[in-house]
Every structure is written in structure tokens, then in C-alpha cells.
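> Dropping a prediction and its sequence here:
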2 protein chains.
Amino acid sequence: MIVDRCENCPLKSKNAFVPLTGTEVDFMNGFKKGELAVEAGTTLVTEGSDAPHLYTVLSGMGMRYKTLEDGRRQVIGFILPGDFIGLQASVMGEAQNSVDAKTDMRLCAFQRRDLWTLFERHPDRAYDLVWMSAVEESFLGEALTTLGQRSGRERVAWALVKLFERLSALGLDDGERVPLPFRQQDLADSLGLSLVHTNKTLRALHGEGLATWVDGELEIGDLDALRDIALLAEEGFQPRPLI
Amino acid sequence: MIVDRCENCPLKSKNAFVPLTGTEVDFMNGFKKGELAVEAGTTLVTEGSDAPHLYTVLSGMGMRYKTLEDGRRQVIGFILPGDFIGLQASVMGEAQNSVDAKTDMRLCAFQRRDLWTLFERHPDRAYDLVWMSAVEESFLGEALTTLGQRSGRERVAWALVKLFERLSALGLDDGERVPLPFRQQDLADSLGLSLVHTNKTLRALHGEGLATWVDGELEIGDLDALRDIALLAEEGFQPRPLI
DNA sequence: CGGCTTATTGACGCTTATCAAAGCAGGTGG
DNA sequence: CCACCTGCTTTGATAAGCGTCAATAAGCCG
């Protein structure tokens, strides 16, 4: 049996892309609140606010960010289909960062109060949550390393490789091309670089035939060269280890 | 309390296999495997390695970091008493960063394989784990914002405030003084600044009577002024007691 | 005492931010 | 259909923050 409305929902199975069967369906029917469609530009979560909902991204892309009092903005990460939004906020009681939809998005929504039920009755699902949380934490550690240690050119290369590989793994690629519906300002804010410098770096990479990002599409010319620039070690896709 | 010997210990310190008889923390009844004492300088976890253990810090301090191929090092965070080490690695199967003891430390050690049992039988404890994970993720988001958006002076002020408040909350303070057994190089590596620039910034803050860090002790002269420099809003989440 | 690690300070220059302005597309209204 | 606006990208010029190099000083230890 397949639950078709949540085709990318990581919560529906230990393995994010395996359809549900039997009891899992019952569980999802009890936990799932509903589906939600939002337009590009919508703010899904606001930093500092109460966060009564959790979301799984079915389609579309978004951006997670924090803002300083004086307006400076740090993009914490880009949100792609399959990502989970609001776990941190639900557990801590208050959202620590904002989330904006950058394209139209479809979301799977849950109630925060159901989270405890999940832990009581579905330890395997709870374990999955911890796994997702660990993956996110791991990414943040990498990002921190990038901002702290890599040069501007290395940062841009790193970000392009990371985004390309995530999108490819989701099957959203068309050969060497993936959709990338963000602005240069967004990338700059995610890398701690100025817009101008980010633009010049992107132009340079384009001039060298390494990567081209126009009209919301990223085309990778030489992935290995980019990985070299970013000092990125070889890193296989990690299968989901249970126990 | 019965303290089990730490078996199959992967640690490198010559004293790694010495069990302790402490009674301070009995976190997670039935889950605890043993207590462990390590010397300053010991590497508790190595990036990329298998991580069969989880630790709770009873006393002492450490450092979590990642290294790039060419030797550049990013300090992800400082580890204080009460912190949890290895959850991420246990769940993901491989440690994403290394952990060094910067002072002698006493640790509470668990087996990775007991994690699943915890989820099955102690959902409340499992929920605590997610909470700790969320707090860590929240901190990483703040750190990322600091490296991405704050100037050198702002970064140093931010770090000093953060460390002072964490240590104070643990009751390790003596008025405006807290122990801070790290080197300037460690702080520099955590903030993405050079050692030289970090030193000059610290000297400047000292000259202004805002903070003095000598001989492993940090004394805060004017906490509010430091918070202003760091553009830090009022204190956020409250630490929640484990157990 | 010599060797080691860490803190400190000055000089210099590169990377990157900032300022400024122009091009370009899409949308709107006259 | 064209003028005009707005948001995004692109480019050049200039300056500053911060990294790098180099050297001294101070403590610790065998």
C-alpha cells in the first residue's frame, strides 16, 4: 500500500524514498495533519515566534536564515524537497530562525503536540528524527568550517558542489543541470560574502567553464575541478544506518 | 553505585582505561556503562572514525573541531561539563568531527548499541536526546551567523559572552571570573580569525576594561558592553535539567 | 641552561567590503 | 506601444579589515 500524498516524506519510512506499508499507513494517518501549499515569498516560520507546526517539504524550495538587529542576514541553509522544518523549534518551544519559501511549495504539516506521541508509540520514527537532526547538525558543522576557513572562491565552489549534489540525489537534475531558484544575494548571505564579491567569483568560475548559474538553473561544467577548489574530500552518500 | 569498567575503549591516553568511582551524575539508569578519566590532550573522537561510544562530560573541558586536508582547522565548539559527545556520530555511523580534551576530563561512557534500547524503553530519555540535539543545532546556527556576519571585534565579544554565560550557568564562575583553559589559537580557530588578529582584538578589549583573559581565567569587566558590541539580543533559551 | 609552547607587537599587502553606476528583464500604466 | 519603475546582475574604483611574515618576550620543563 502506498500513501501517495506524501511521496517524499521522510517520516513515512526508515528509508526516505520507500513507500509505506501496513501499520505505517495507520500511523501516518494519525499523525499527519494535512497538506499545505504556499506561494513563493511566504514566510513559513518567523524567528522568535512560537512554532506549533512541523513540516515536511513535498516540493519547492526555501531558505532558512537568521537576522541581526541591524539587518545583516545569515542564510543558515537552503531547504529542498524531503527536508524537515520545525523540529528544532518544536522541541525548544521557539523558532531560532526564519524560513521563507523561495518558490511555490507544497508541505506536509504536523502538529507539534503529536511529537510526544511519536516518541511513545513509534520509537523507530523517533529514531529517524534524531537521524535527520544529526544530518542537519553535520551539515552545519561543515558550513561553519567553510565560513571559518575557506576563501571566497573556495566557499562559492563548496556551495555549488553541495547544492548540485543534493539536488542530483533528489533526482531533480537534468544531466549537469539543476534548478537553483535563489538570488546571488541569497548565496552571498549563506557564505558570509558580499553580493559584489560573490558575483565576481561566480563570473570567474563561469569564465573558466566550471559552473554556470543563470535564470535559476545551475549547470556544472567540471564537478571534480570544483571539488578540488573547495578542498572537498570524496564523500559517498550515506545509507541510513539503523542501530 | 556500581561503576562498570570501560571495555573496548578506543581512547589513546595512557590513562584511558582507569575507571572512576564518582557518583555525581547517574544519567539514564540502566544505560550508563562506566566512567572514564582522560588526560588533557587526549583525543576522544577522531573525525571519520567509527564511534562506538557516547559520553557525558562530568568534569573538565574539551574542544570539537574539523580539519581540512591542508591542515586548516575549524573549532566547532567548546565542550563543557554536562555536554553530550558522540550522539551525532553514533546515529550517523561515523564521527563528523574530532574531540580533544583540553583539560583532564571525567566522562560517563555509553555504548552506541544501547541507544536503540533507549528509544524503545525510555521515550522520555529519547526526547531529551532530541532536545539536546536541538540546542546544539541552535548554537551552530548562531555560530554560523557570527562567522558569516560579524566583524572580528564582534566575533570575539560574542564568543567571550557566550562562554562566560555558559560557564556561569554551570556554577563554575567565581563572580566575574570563569576558568577558560583554551589557547588564543583555539579561540581564533573557532571564530575564523587569525591568531594574530585575535590576539590584537583581545588586547584591545582588555585595554578598554571589557574583558581580561590570562592564565586560563576569563574576567568580564562589562558584560553589557560586550553584549552590545556583539549585537547580542537578550538571553534566549534556558538550560533544562537532564534526568 | 636550551628547547618548547604561547602571548605579544610591528610592518606590509592581499582579499574582500563598500561605493557607485550601468545594463537588462519584466511589469504597469498612460 | 512606449515611458517608467523595480529587482537582479554586472562591472570598475577605492579603501579597509584582516591575514601573513617576522621577531621578541615570557613561562615551563627536562
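Thanks, I have the structure now.

> Just list the residues touching the residue positioned nearest the centre of chain A, thanks.
When Cα atoms, centre = their mean is applied to chain A, the residue found nearest the centroid is A:I79 (3.0 Å). Contacts for A:I79 (Cβ atoms under 8 Å, 6 or more residues apart in numbering or on different chains) come out as A:V57, A:M61, A:G62, A:M63, A:R64, A:I85, A:V99. For the C-beta atoms, the positions are set from N, CA and C on the backbone; glycine is no exception.

> and it, what are its bridge partners?
According to DSSP bridges, the partner residues bridging A:I79 are A:G62.

> Check the gap between it and A:K102 for me.
8 Å (Cβ to Cβ, to the nearest Å).

> Which neighbours do the two have in common?
Joint contacts of A:I79 and A:K102 (Cβ under 8 Å, 6+ apart) are A:M61, A:G62, A:M63.

> Out of those residues, who's the most crowded?
Using other Cβ atoms under 10 Å in any protein chain shown as the neighbour criterion, A:G62 leads those with 28 neighbours.

> if we can go back for a sec, how near is the residue nearest to the centre of chain A to DNA strand D?
17 Å (Cβ to the nearest atom of the strand, to the nearest Å).

> need the longest helix for chain A.
What stands out as the longest helix in chain A, according to DSSP state H, is helix A:123-149.

> the strands in chain A, which residues?
Ranges of strands within chain A are A:32-38, A:43-45, A:53-59, A:62-67, A:73-79, A:84-85, A:98-101, A:105-111, A:177-179, A:211-214, A:217-220, based on DSSP state E.

> The closest residue to A:R177 other than its chain neighbours - how many residues pack around it?
Here the nearest residue to A:R177 in space, its sequence neighbours aside, is A:E219; by Cβ to Cβ, 6 or more residues apart in numbering or on different chains that works out to 4.7 Å. Here the number of neighbours of A:E219 (other Cβ under 10 Å) works out to 16.

> residues touching A:E219, list them.
Counted by Cβ under 8 Å, 6+ apart, A:E219 has contacts A:E176, A:R177, A:A211, A:T212, A:W213.

> If you rank those by neighbours, which is first?
Ranking these using other Cβ under 10 Å puts A:A211 first, with 22 neighbours.

> ok, that residue - contacts?
A:A211 neighbours (Cβ under 8 Å, 6+ apart): A:A157, A:L160, A:L202, A:L205, A:L218, A:E219, A:I220, A:G221, A:L226.

> what does A:S133 give?
A:L87, A:Q88, B:V130, B:S133, B:A134, B:E137.

> Is it possible to get CSV of those that adds distance to A:D189?
Listed next are the contacts of A:S133 as CSV, based on distance: Cβ to Cβ, whole Å:
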residue, distance to A:D189
A:L87, 23
A:Q88, 20
B:V130, 29
B:S133, 25
B:A134, 23
B:E137, 19
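
> about what we covered before: as JSON lines, the contacts of A:E219 with pLDDT and distance to B:G93 would be great.
As requested, the contacts of A:E219 are exported to JSON lines (pLDDT from 0 to 100; distance: Cβ to Cβ, whole Å):
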{"residue": "A:E176", "pLDDT": "95", "distance to B:G93": "30"}
{"residue": "A:R177", "pLDDT": "97", "distance to B:G93": "32"}
{"residue": "A:A211", "pLDDT": "98", "distance to B:G93": "31"}
{"residue": "A:T212", "pLDDT": "98", "distance to B:G93": "36"}
{"residue": "A:W213", "pLDDT": "98", "distance to B:G93": "34"}
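
> Can I get those in CSV including distance to B:S151?
What follows is the contacts of A:E219, written out as CSV (distance: Cβ to Cβ, whole Å):
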residue, distance to B:S151
A:E176, 38
A:R177, 38
A:A211, 30
A:T212, 33
A:W213, 29
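
> Need the nearest residue in space to A:A233, chain neighbours excluded.
B:E69 (6.5 Å).

> how far away is the one you found from DNA strand C?
18 Å.

> Ramachandran angles for that residue?
phi -50, psi -40 (degrees, to the nearest 10).

> Identify the residues contacting stretch A:93-101?
By Cβ under 8 Å, 6+ apart, stretch A:93-101 touches A:38-51, A:60-67, A:76, A:79, A:85-86, A:88-89, B:138, B:141-142, B:236-237.

> still on that earlier bit, I figured the residue nearest to A:A233 hits A:E234, correct?
No. B:E69 lies out of contact with A:E234 (Cβ atoms under 8 Å); the separation is 11.0 Å.
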